[in-house]
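Asker: This is the structure alone, sequence omitted:
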């Protein structure tokens, strides 16, 4: 469930209460939609300010109809020093009342149990404010002038 605050005539600020992860801890996990080519699919993703790219499990690529064999493979260094192989593709998403394209990696080696929503293509559109005490992620859509 999300709470929204209106600014002028357009929606600019939304609050997303933290959700519980698989271990029962509250975390900035949000719902977003991804375009499959003929319908929107709801997914959960952990908002990760330390991740450059968004990364989804390889099963999501199959749901989106992405042929990974025709997609460039890259390697992403993780905070613990290990390397995660990903297949990078641009996908259409809906988040916080906005529809846009983001570069997303798909990996069968993603062992976290959840998808990641990273900075590229997202944090240049929104200001993200993590309030762990209140367990709320406040998302403010940036205008073209950056305000």
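Answerer: Yep, it's here. Every value quoted in this text rests on a predicted model; they were computed, and no experiment measured them.
Asker: Report all helices and strands that the lengthiest strand in the chain contacts.
Answerer: The longest strand of the chain (DSSP state E) is strand 83-95. Secondary-structure packing of strand 83-95 (3 or more CB pairs under 8 Å, 6 or more residues apart in numbering; DSSP states H and E): strand 29-35, helix 58-64, strand 73-77, strand 98-107. C-betas here are computed from N, CA, C, even on glycine.
Asker: the inter-axis angle of that strand versus strand 29-35?
Answerer: Counting by axes from the mean of the first three to the mean of the last three CA atoms, to 10 degrees, strand 83-95 lies at 80 degrees to strand 29-35.
Asker: centroid residue for the chain?
Answerer: For the chain, the residue nearest the mean C-alpha position is residue 117 (2.5 Å; CA atoms, centre = their mean).
Asker: Residue 96 against residue 138, yeah?
Answerer: No - between residue 96 and residue 138 there is no contact under CB atoms under 8 Å: 10.2 Å.
Asker: So the two - more neighbours on which side?
Answerer: Set residue 96 next to residue 138 and count neighbours by other CB atoms under 10 Å: residue 96 wins out with 21 against 17.
Asker: Tell me, how many residues neighbour residue 45?
Answerer: Residues near residue 45, counting by other CB under 10 Å: 24.
Asker: Need the pLDDT of residue 15.
Answerer: Looking at residue 15, its pLDDT stands at 97.
Asker: Might you report the residue contacts of the residue nearest to the centre of the chain?
Answerer: By CB atoms under 8 Å, 6 or more residues apart in numbering, the contact set of residue 117 is 30, 32, 45-48, 51, 54, 95.
Asker: Is it bridged to anything, and to what?
Answerer: Assessed by DSSP bridges, residue 117 has beta-bridge partners residue 47.
Asker: how far away is it from residue 91?
Answerer: As judged by CB to CB, to the nearest Å, residue 117 and residue 91 stand 12 Å apart.
Asker: coming back round to it: so which of the helices and strands packed on strand 83-95 gets nearest residue 21?
Answerer: Smallest distance to residue 21 across those (CB to CB): 6.5 Å, for strand 29-35.
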